[in-house]
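Undergrad: the amino acid sequence is not available; the structure is as follows:
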């Protein structure tokens with residue numbers, strides 16, 4: 001039985017829970033890099049079982065935000081354009 005708070009169905013597909021994958025993927029990351037990486041994983045993980053295209057757009061928003069952040073750090077021109085409004089969870 002799925003617990004909608006502790007183990008929601010849309011985060012428990014397969015043998016690995018999303019939170020565990022995020023924890024592993026963000027080791028060594030801090031701040032906005034950890035936040036964006038975690039949210040990219042979260043939204044791409046659950047899109048099929050929860051938010052469909054809206055979740056894919058949210059993942060893209062966080063990916064664009066991460067690219068913009070890294071571009072500034074590396075003094076690269078930012079090729080990302082579009083809406084800067086934060087996605088809602």
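TA: Great, that's in hand. Bear in mind the structure is a predicted one, so any value in this text is a computation, not a measurement.

Undergrad: check contacts around the closest residue to residue 63 other than its chain neighbours.
TA: Once flanking residues are discounted, residue 63 sits nearest to residue 40: 5.4 Å by CB to CB, 6 or more residues apart in numbering. (Glycine included, C-beta is placed from N, CA and C.) If a contact means CB atoms under 8 Å, 6 or more residues apart in numbering, then residue 40 has 59, 62, 63, 66 as its contacts.

Undergrad: how about residue 59?
TA: If a contact means CB under 8 Å, 6+ apart, then residue 59 has 39, 40, 42, 43, 44, 47 as its contacts.

Undergrad: name the nearest residue to it, sequence neighbours excluded.
TA: residue 43 (3.7 Å).

Undergrad: about what we covered before: which one of the contacts of residue 59 is nearest to residue 73?
TA: The closest of the contacts of residue 59 to residue 73 turns out to be residue 40 (CB to CB; 17.5 Å).
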